[in-house]
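Colleague: coordinates only, sequence not included:
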């Protein structure tokens, strides 16, 4: 049995991955709030941005945390196509959940369907990411902890979508994003604690890319996307601000006439 270390760099990777999860959640919530205040193409665009932010935050959280994953007695590589597929799954299922809430007639039903779909998708992303791990040995899972991680994913996703529907103030969004980041991190580490590795020492080279060759540059790129998009959303006027600006301009236009 190989000894596993989930934080080979100390608190750096858990803290950074939590920050990524919180940033994605906060940005996704703010975009959802903007979406629900608009209609037509603007709503669709805000919902797509919300889904990409949440999906990117979850995926980046997972693989930043994986930078600290080590197993004694074997190197670790990552299958590139499977890793990319896990990112696509995260984006698609979160998008489906967000659109279900954004366009659903019955909010409660949309929330349940969206939360279940998104939660199962997040869990699928996590275990696809784990399936991409290549090492000298065999990986097995504790079914009870796997089940717990899936439940946490569904609850966290449902809570995120509920927050998008019901939370409006920036302070409330910040608090909700901190809770959601903790929930996503809990899902990840409960899934990781379900892992057992039986190492079979071998001198053959492993297929795939190392974390620093592939995961780290991709995580940095996606993290940069989150922060740049956060700045864009923060600087974009809300519907209320646009309405206030339009109201303030009317007296000026009348006076000019």
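Modeller: Right, received. Where do you want to start? Everything quoted here is computed from the prediction, not taken from an experiment.

Colleague: quick check, residue 142 in contact with residue 196.
Modeller: Yes. With contacts counted by CB atoms under 8 Å, residue 142 reaches residue 196, the gap being 7.2 Å. C-beta coordinates here come from the backbone N, C-alpha and C atoms, glycine included.

Colleague: which residues do those two both contact?
Modeller: Residues touching both residue 142 and residue 196 (CB atoms under 8 Å, 6 or more residues apart in numbering): there are none.

Colleague: so what's the gap between stretch 163-180 and the chain middle?
Modeller: 15 Å (CA atoms, centre = their mean, to the nearest Å).

Colleague: all helices of the stretch 51-200 of the chain, in order?
Modeller: Taking DSSP state H, counting those that start in this stretch, the helices of the stretch 51-200 of the chain run over residues 80-103, 107-131, 143-166, 170-193.

Colleague: which helices and strands does the one helix or strand residue 219 maps to pack with?
Modeller: Applying DSSP states H and E as the criterion places residue 219 in helix 216-235. Packing partners of helix 216-235 (3 or more CB pairs under 8 Å, 6 or more residues apart in numbering; DSSP states H and E): helix 12-36, helix 40-66.

Colleague: ok, 10 Å please
Modeller: helix 12-36, helix 40-66, helix 80-103 (3 or more CB pairs under 10 Å, 6 or more residues apart in numbering; DSSP states H and E).

Colleague: so which of those is nearest residue 231?
Modeller: For those, the distance to residue 231 is smallest for helix 12-36, at 10.0 Å, taking CB to CB.

Colleague: measure how far that closest one is from the centre of its chain, please.
Modeller: That offset, for helix 12-36, works out to 7 Å (CA atoms, centre = their mean).

Colleague: in a markdown table, list the helices and strands packed on helix 216-235 along with mean pLDDT.
Modeller: Output for those, formatted as a markdown table (pLDDT from 0 to 100):
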| stretch | mean pLDDT |
| --- | --- |
| helix 12-36 | 87 |
| helix 40-66 | 88 |
| helix 80-103 | 87 |
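
Colleague: which positions within the helix holding residue 219 qualify as buried?
Modeller: 218-219, 222-223, 225-226, 229-230, 233 (16 or more other CB atoms under 10 Å).

Colleague: do the same with stretch 201-219
Modeller: For stretch 201-219, by 16+ other CB under 10 Å, it's 206, 208-209, 211, 214-215, 218-219.

Colleague: and for stretch 188-199?
Modeller: 188-192, 194-195, 197, 199.

Colleague: okay, residue 223: pLDDT?
Modeller: According to the prediction, residue 223 has pLDDT 82.

Colleague: need the contact list for it.
Modeller: 16, 19-20, 23-24, 56-57, 60-61, 64 (CB atoms under 10 Å, 6 or more residues apart in numbering).
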